[in-house]
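Visitor: Okay, predicted coordinates and the sequence, questions at the end:
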Amino acid sequence: MENISTYISLVVGLLAFSVIGILIFVVINKNEQLNLLKLALNKLKNSFNELDQQAKLIVKTDLELNKAQEELDKRINGLETLQKVSRLISTTLDENEIFNRLNRVLLAELGFEKNLILIYDENKELLDRINLGFPPNDIPFILSKLLDDGDLIKALSDGTSFSSLESSQQRKEEISRLFEVEHFILSPVLTQNGIIGYVFVGNRSNASVITAGLPFKPNP
Amino acid sequence: MVTHIGIGFSRDANAENAAKEAALQSKADLQDGRIDFALILSTMHYAPQRTLPVLNQVLNQTRMIGCSTAGIILSTSIETRGIAVLAIHSDDIQFGIGSVKDIHTQDVRSSGVILGKNSVTDFGNPGRQFFIFFVDGFLKNNSLFLRGLQEVLGNVFPIVGAGSCDDFHFSNSFQIFRNKVLEHSATGLLLGGHVNVGIGAQHGWRPLGKPRVIDKADGNVIITIDGKKASSLYEEYFDKEAENLRSARLGQMAILYPLGIKIAGESEYLLRNAVEILEDGSIVCQGDVPEGHDVHIMIGNKDSCKQAAVGAALEAKKNLKGALPRLIIIIESMARLKLLGRIAFEEVKRIKEIFGLTVPVIGMYSDGEICPFQSIESIKRPLLQNESIVIVAIS
């Protein structure tokens, strides 16, 4: 009996030892697998983060691209408009007809919110030949304010153009206030005999900025 | 049994002349003195107070609805300035129109209910098939408005909607109902009778970067993403440009890179434009945002836009079930006009190739679209989407 119980204890002991051995082996194996999985997970996380960094670059490039495309579209539209204008006005010598045609072109193609063409008549009085976007009642006030600004008129007569991009802060604010716009171009109409009028175009909103129309330079 | 469709358009400098010219053209195209319904689409260059009396008079005081838009889609061109008139006379189709005013000062959901009820009342008879409405695109949660409409019309009733907008200034818009000009309001048209309607909608925007989790949202406001203030998502991606986030130019940037939310069961990402960034960095979206879902910054390009347009057209054609289309209405996000620029008309060309070159086309660029989207349960439920193209083929 004693031998049998010793024998059973030995067998149980051996089995327990084997089970513990197997379990240790399994744990070590699982641990290795876990480490491998952790490594893979880290690798995946890194790749994910790298992809996210690349995505940020893509967004930046896309933003630049959109801006460049917008500039390009503007330039192409401008060039097409110029071509149309030259075609339209080259077929008539009638001043009224020229302004009539310019009116349509300005409206349809240039897309500025406010357009004003002022021309001196025979009595050297300044008249609005094209007015788009200004209440007619505001025109006398704009004309008187404009003519009162001797420095501005002199600069325009000398062939200087003003724009919201390049004018001094003070000049920009004065013109913006007078015409109630955010972005503008004010330019003289010059002939060989001197100044015959002024062209003004502008946009009220910050959303439609007038840009230089220069080739787009991406950020370094 | 006949249906006549007339479309007129004008870009005359004078508002009254433009209205008159567009209305007369649509009448001439209609070849019939009787007009049962007219849809007016106008860019912001024309004061509706000046155009509407003329339109109302020329179109014989017919049922009239409409809204302002960033651009008008026609069979032959895309116009960013002008007035378009769609006039319909039909023995087969029944029309019912409705409106609700000043949604911004009322409960938005109740406003949807009112619009639905008004339209159903005007429609009268049973047999309604399709509802299209125009709502102020600058309202901050049009999802609630849609839910109100669905209370009246049903959850799976085909509803298409467009957010009225301006020319990318994101400042104001108007809606037209009969001879009235409305602001912060909505107008709608219920169609029924012997008419088949096929609707298709896609957006074509793709997710970019790793997903983040919206861990706190309240209605249409995302409060935190991945434990950080919601606006940090845009700040991470846009770097210096993120300075625009709290300025007037947010709209221009947000429409190109909306947030995309993956909803289990939906085949497309749900797109949401950011309309405002609050002081605490929360992002206010145009529609409801579900909490606990993954969110991505989304990106689109010209090709994906064109593919989505073709996909939407094919889907609309399939949903017509073999009937010949008599009119195509396109409602398209203003973001797509911005993205496609000078080649925007190519989308229309491809759509026409699918439906036939002679089918009349009219459409608008909108700020927010409502359209039925497919889920895996094969049920199409109307949802507010952004950056989408919705094509409605009417037979």
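Guide: Everything's here; your move.
Visitor: Toward the C-terminus, what is the element adjacent to the longest helix anywhere in chain B?
Guide: Criterion DSSP state H: the longest helix present in chain B is helix B:302-319. Next helix or strand after helix B:302-319 toward the C-terminus (DSSP states H and E): strand B:327-333.
Visitor: so does that next one get close to chain A?
Guide: No. Using CB under 8 Å from any CB of the partner chain, strand B:327-333 stays clear of chain A, with a minimum separation of 15.2 Å. All C-beta spots, glycine's among them, are computed from the backbone N, C-alpha and C.
Visitor: strand partners of that strand, parallel vs antiparallel please.
Guide: Paired with strand B:327-333 in the same sheet, following DSSP bridges, are strand B:361-366 (parallel), strand B:389-394 (antiparallel).
Visitor: send the alpha carbons of it over as CSV?
Guide: What follows is strand B:327-333, C-alpha atoms only, in CSV (Å, rounded to 0.1, in the frame of the first residue of the first chain):
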residue,chain,number,x,y,z
LEU,B,327,-36.3,67.5,-66.4
ILE,B,328,-33.1,67.3,-64.4
ILE,B,329,-32.7,69.4,-61.3
ILE,B,330,-29.2,69.6,-59.9
ILE,B,331,-28.4,70.8,-56.4
GLU,B,332,-24.7,71.0,-55.8
SER,B,333,-22.5,72.3,-53.0
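Visitor: Now do the buried residues in it.
Guide: B:L327, B:I328, B:I329, B:I330, B:I331, B:E332, B:S333 (16 or more other CB atoms under 10 Å in any protein chain shown).
Visitor: How about the contacts made by B:I391?
Guide: B:I391 makes contact with B:I199, B:G200, B:A201, B:A309, B:A312, B:A313, B:E315, B:A316, B:I328, B:I329, B:I330, B:I351 under the criterion CB atoms under 8 Å, 6 or more residues apart in numbering or on different chains.
Visitor: ok, of the residues you listed, which one's closest to A:Q53?
Guide: B:A309 (32.1 Å; CB to CB).
Visitor: residues touching the closest one, list them.
Guide: Going by CB under 8 Å, 6+ apart, B:A309 touches B:Q202, B:G204, B:E347, B:R350, B:I351, B:I389, B:I391.
Visitor: could you say what helices and strands the helix or strand where B:E353 lies packs with?
Guide: Per DSSP H and E, B:E353 falls inside helix B:345-355. With contacts defined as 3 or more CB pairs under 8 Å, 6 or more residues apart in numbering or on different chains; DSSP states H and E, the packing partners of helix B:345-355 are helix B:302-319, strand B:327-333, helix B:334-340, strand B:361-366, strand B:389-394.
Visitor: Export these as a markdown table, with columns for mean pLDDT and distance to B:D167.
Guide: Formatted as a markdown table, the helices and strands packed on helix B:345-355 follow (pLDDT from 0 to 100; distance: least, CB to CB, whole Å):
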| stretch | mean pLDDT | distance to B:D167 |
| --- | --- | --- |
| helix B:302-319 | 94 | 20 |
| strand B:327-333 | 96 | 14 |
| helix B:334-340 | 89 | 9 |
| strand B:361-366 | 96 | 9 |
| strand B:389-394 | 96 | 19 |
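Visitor: most packed of those?
Guide: Among the helices and strands packed on helix B:345-355, strand B:389-394 has the highest mean neighbour count (mean count of other CB atoms under 10 Å in any protein chain shown), at a mean of 28.
Visitor: Closest residue of chain A to chain B?
Guide: Of all residues in chain A, A:A55 sits closest to chain B, at 3.3 Å by CB to the nearest CB.
Visitor: one step back: in the helix holding B:E353, what's buried?
Guide: Buried-residue list, helix B:345-355, by 16+ other CB under 10 Å: B:E347, B:V348, B:I351, B:K352, B:I354, B:F355.
Visitor: Looking at those, which is nearest chain A?
Guide: Closest to chain A, out of all of these and judged by CB to the nearest CB, is B:E347, at 16.2 Å.
Visitor: Nearest residue to the closest one in space, please, no chain neighbours.
Guide: B:A309 (4.1 Å; CB to CB, 6 or more residues apart in numbering or on different chains).
Visitor: between the longest helix of chain B and strand B:327-333, how many degrees?
Guide: Angle of helix B:302-319 versus strand B:327-333, following axes from the mean of the first three to the mean of the last three CA atoms, to 10 degrees, is 140 degrees.
Visitor: all helices for chain A, in order.
Guide: Using DSSP H, the helices of chain A run over A:2-89, A:95-105, A:139-148, A:150-157, A:169-179.
Visitor: same deal with the stretch 51-200 of chain B?
Guide: Applying DSSP state H, counting those that start in this stretch to the stretch 51-200 of chain B gives helices spanning B:108-123, B:142-153.
Visitor: Tell me where chain A is predicted with low confidence.
Guide: A:1, A:104-108, A:205-220 (pLDDT under 70).
Visitor: show me what contacts the nearest residue to B:V392 once chain neighbours are set aside?
Guide: Of all residues not flanking B:V392 in the chain, B:I329 sits nearest, at 4.2 Å (CB to CB, 6+ apart). The contact partners of B:I329, by CB under 8 Å, 6+ apart, come to B:I132, B:V160, B:I362, B:G363, B:I391, B:V392, B:I394.
Visitor: So which residue is dead centre in chain A?
Guide: Centroid check for chain A by CA atoms, centre = their mean gives A:K67 as the closest residue, at 4.8 Å.
Visitor: excluding its backbone neighbours, what's nearest the closest residue to chain A within the stretch 151-300 of chain B?
Guide: Residue nearest to chain A within the stretch 151-300 of chain B: B:G209 (3.3 Å; CB to the nearest CB). Leaving out its chain neighbours, the residue that sits closest to B:G209 by CB to CB, 6+ apart is A:A55, at 3.3 Å.
Visitor: can you tell me which residues contact that neighbour?
Guide: Contacts of A:A55 by CB under 8 Å, 6+ apart are B:L208, B:G209, B:K210, B:Y237, B:I297.
Visitor: My guess is B:I331 contacts B:Q385. True?
Guide: No. Using CB atoms under 8 Å, B:I331 is not in contact with B:Q385, being 10.4 Å away.
Visitor: Between those two, which contacts overlap?
Guide: B:E369, B:C371.
Visitor: quick one: the closest residue to B:D122 other than its chain neighbours from B:L191, how far?
Guide: Computed as CB to CB, 6+ apart, the closest residue to B:D122 that is not its neighbour in sequence is B:G96, at 4.0 Å. Going from B:G96 to B:L191 by CB to CB, to the nearest Å gives 8 Å.
Visitor: what about the closest residue to A:L63 other than its chain neighbours, is that helix, strand or coil?
Guide: Distances taken as CB to CB, 6+ apart put B:E241 closest to A:L63, at 6.0 Å, once the chain neighbours are dropped. Under DSSP: H, G, I helix; E, B strand; the rest coil, B:E241 falls in the helix class.
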